[in-house]
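Novice: sequence first, then the predicted structure:
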Amino acid sequence: MKRLSKTVARLIGLLLIIFSFSAYAEVRLPQLVSNGMVLQRDTKLKLWGWASPGEKVSIVFNGKKGSTVTGADGKWLIELAAMKAGGPYTMTIKGNNTLTLTDILLGDVWFCSGQSNMVLRMEAVKEKYPEDVANANFPEIRNFYVKNVGDVTKIHDDLPPGKWVAATPTTVLDFSAASYFFARHIYLKYHVPIGLIASAWDGTAIEPWISAEGYKGFPKIEDQIKNFTDTAYMNKMTRPRTGGFAGGFGPRPAGEPDKGTSGPKPWYAVDYVPENWHHFWLPGYWTDQGVKDLNGIVWFRKEINVPASMTGKPAHLYLSRIADADVSYINGVQVGSSGSIYNNRRYDVPAGLLKTGKNLIVVKVTNNFGKGGFLADKDYSLNAGSEKIDLRGDWDYKVGLVLPPRTAPAGGPPAGGAPAFISAQSSPTGIYNTMVAPAINYAIKGFLWYQGETNAGRGKEYAQLLPALITDWRNKWQLGDLPFIYVQLPNYMEANYSPSESGWAELRESERRTLSLPNTGMAVTIDAGNWNELHPLDKKDVGDRLALWAEHLTYGAKDMVYTGPLYQSYKTDGNKIILSFTNVGGGLVAKGNDGNLDYFAIAGADGKFVWAKAKIEGDQVIVWNDGVPNPTAVRYAWADNPDGANLYNKEGLPASPFETGK
């Protein structure tokens with residue numbers, strides 16, 4: 001029996017070897033090297049893949065040829081000389097087999113990365129930009145979407161499966177909105193094909209995007225990365241805990257069922273008779289309307305009258321932003337659901353569901369942490385054709401389930417230190433290994449980066465991490481100081497009308513100071529956000545401002561105005577501080593507010609900031625407060641949401657927030 005087992009084991013081993021060999025018997029290409037790809041013009045190209053060990057591989061493309069022999073690991077790489085923009089072309093790759101790739105363009109390729117505001121698709125902004133979607137016929141603007149995969153244990157050889165897609169009114173809905181508007185701006189001006197590699201992940205910090213080599217000089221993180229190769233450690237730390245913080249919060253114990261679905265009639269049924277429901281004004285949070293500190297499920301209902309002109313046709317239910325999850329019903333039929341506060345609720349209502357006269361809308365809302373309810377200043381409506389019913393106002397609510405509070409462990413969730421357990425997308429190297437490293441052979445024009453929300457509150461760390469990321473990626477691509485253009489955090493959260501500290505302002509300052517690195521650019525968006533929207537819909541300004549920097553850095557437009565005023569230096573004159581700026585363009589202006597500058601604060605030796613008066617004199621701003629005789633520092637737009645900050649240049653581009661004296 002033992003001999004038989006050994007024989008079987010040997011046969012299995014032999015079959016595995018044969019299978020492994022046959023898997024590489026034919027030339028195989030990485031995901032990026034595929035039909036419809038955009039290759040970088042005017043630079044040496046690297047094309048790579050896999051085949052049998054010792055196999056000869058050759059490429060013919062646009063009059064250029066190259067060949068090589070694979071190594072013992074079956075990998076091959078061929079370099080082709082630089083080529084001008086153009087196409088479409090065909091590429092032939094030969095080994096033991098022959099592959100033919102078609103519809104290939106030569107143009108400019110941008111690696112677009114970051115977190116959710118880079119992810120945010122055109123589909124989410126189609127109501128804001130309907131004409132831009134309808135007119136998105138750009139076969140030479142192409143996008144390669146990288147699916148989200150994380151791994152801290154090893155570098156992956158290839159990206160997850162994907163394909164190059166050209167922009168049409170239908171396909172553009174899956175493009176990142178910020179990167180699409182960037183690409184369109186560049187394409188319309190320079191008429192060169194644009195390729196976008198969309199490698200971004202919602203809710204991620206900057207740490208997982210940096211390679212192990214990029215963390216030299218970060219001893220705590222280096223020690224953490226070393227642990228990722230320890231099998232015993234990883235087995236322990238990747239096992240989900242039964243409580244505490246785990247890249248979120250631990251599971252709740254089983255409890256009572258939701259009364260809204262466990263009774264004789266579900267609360268969304270049209271023949272359910274409501275009893276003991278309470279009034280609620282929508283939009284709003286239930287903690288502000290008599291339901292204090294509730295985590296759980298609350299049901300909302302409203303009866304509306306629908307005119308005959310809105311029936312018999314498809315309609316749309318707009319519920320915008322809800323904290324956190326919802327399931328929504330019309331006349332007893334579920335029309336949509338969403339599990340995140342950050343999703344925009346736009347639910348299709350099939351033709352025939354609405355009826356003339358009385359109709360019932362029911363929304364089941366589940367909230368796990370913080371305030372639950374409906375975010376203010378959003379669209380809550382029912383639409384059919386050109387007609388619209390405003391759903392704001394009086395609703396009724398009833399609590400369906402109360403859950404115990406979710407809390408982080410003692411000391412709170414981790415902030416840059418070792419996590420409670422390993423989550424690849426939240427850990428150093430975890431995304432670089434899977435969504436960046438497999439692309440570094442692919443020549444690009446530069447990088448677009450939109451991230452920082454998850455790092456807000458750790459701005460001083462970001463001052464080291466962002467430069468580390470930039471240096472790391474440039475080193476990996478080995479194409480010199482590639483342009484790295486990033487989005488400064490926009491305005492967000494409630495406005496504070498007194499000078500105060502701000503985690504978002506601190507991170508913006510770290511972003512501003514990163515401009516000291518060569519060939520970097522920063523799109524200022526302090527006027528493009530929304531106080532109650534982590535994902536503001538104004539992505540056209542974002543894309544256009546990124547493109548202005550790209551024009552300046554990479555397209556030879558050296559004399560153009562490409563950004564708003566950037567703080568340069570200051571000097572003291574008695575009780576006044578005189579600020580100087582670069583990028584004043586046609587001159588400094590105070591936008592709106594009858595020409596008065598807002599949101600400047602000044603401090604003396606005690607470091608306490610108070611509001612200041614400010615005026616423009618030429619290309620300088622004079623700042624003072626009569627109660628601060630010996631000023632030492634000035635802040636501008638230093639707040640999460642500096643509502644009213646209005647220093648611009650005449651070209652209409654906003655000044656970056658800043659702090660002097662450090």
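Specialist: Looks like it came in fine.

Novice: let me see the contact set for the residue nearest to Thr311 when sequence neighbours are not counted.
Specialist: Leaving aside its sequence neighbours, Thr311 sits nearest to Leu354 (Cβ to Cβ, 6 or more residues apart in numbering; 4.9 Å). C-betas here are computed from N, CA, C, even on glycine. By Cβ atoms under 8 Å, 6 or more residues apart in numbering, the contact set of Leu354 is Val306, Met310, Thr311, Ala315, Ile330, Asn331, Leu382, Ala384.

Novice: so for Leu354, what's the pLDDT?
Specialist: Predicted confidence (pLDDT) for Leu354: 97.

Novice: what of Asn295?
Specialist: Value for Asn295, per-residue pLDDT: 89.

Novice: hmm, Phe144 and Met435 touching each other?
Specialist: No - Met435 lies out of contact with Phe144 (Cβ atoms under 8 Å); the separation is 11.6 Å.

Novice: ok so, going back, Tyr599: which of the contacts of Leu354 is nearest?
Specialist: For these, the minimum distance to Tyr599 (Cβ to Cβ) is 39.2 Å, reached by Leu382.

Novice: got a pLDDT number for the closest one?
Specialist: Looking at Leu382, the pLDDT reads 97.

Novice: assess the claim that it and Ile361 are in contact.
Specialist: Yes - between Leu382 and Ile361 a contact is recorded at 7.5 Å, counting by Cβ under 8 Å.

Novice: spit out the residues that contact those two alike.
Specialist: Ile304, Leu317, Leu391.

Novice: adding secondary structure, distance to Val524 and pLDDT, write those out as TSV.
Specialist: Shown next, in TSV, are the shared contacts of Leu382 and Ile361 (DSSP: H, G, I helix; E, B strand; the rest coil; distance: Cβ to Cβ, whole Å; pLDDT from 0 to 100):
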residue	secondary structure	distance to Val524	pLDDT
Ile304	strand	43	96
Leu317	strand	36	97
Leu391	coil	36	96
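
Novice: turn those residues into a markdown table, including neighbour count and distance to Val149.
Specialist: Output for the shared contacts of Leu382 and Ile361, formatted as a markdown table (neighbours: other Cβ atoms under 10 Å; distance: Cβ to Cβ, whole Å):
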| residue | neighbour count | distance to Val149 |
| --- | --- | --- |
| Ile304 | 16 | 44 |
| Leu317 | 22 | 34 |
| Leu391 | 20 | 39 |
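
Novice: can you put those residues in a markdown table and add distance to Asn530?
Specialist: Output for these, formatted as a markdown table (distance: Cβ to Cβ, whole Å):
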| residue | distance to Asn530 |
| --- | --- |
| Ile304 | 27 |
| Leu317 | 22 |
| Leu391 | 20 |
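
Novice: so where's this protein uncertain?
Specialist: 1-25, 238-255, 405-421, 662 (pLDDT under 70).

Novice: can you count the residues close to Gly263?
Specialist: Neighbourhood size, Gly263 [other Cβ atoms under 10 Å]: 12.

Novice: would you mind measuring from it to Gly400?
Specialist: 10 Å (Cβ to Cβ, to the nearest Å).

Novice: equivalent analysis for Leu294, please.
Specialist: 11 Å.

Novice: before we move on, what about Tyr432?
Specialist: 43 Å.

Novice: can you check Asn646 too?
Specialist: 46 Å.

Novice: swap in Ile431?
Specialist: 38 Å.

Novice: okay, those two: which has more neighbours?
Specialist: Using other Cβ under 10 Å as the criterion, Ile431 and Gly400 rank with Ile431 on top: 30 against 21.

Novice: tell me who's in contact with that one.
Specialist: Taking Cβ under 8 Å, 6+ apart as the test, what Ile431 contacts is Gly150, Trp201, Thr204, Pro208, Trp209, Ala424, Gln425.
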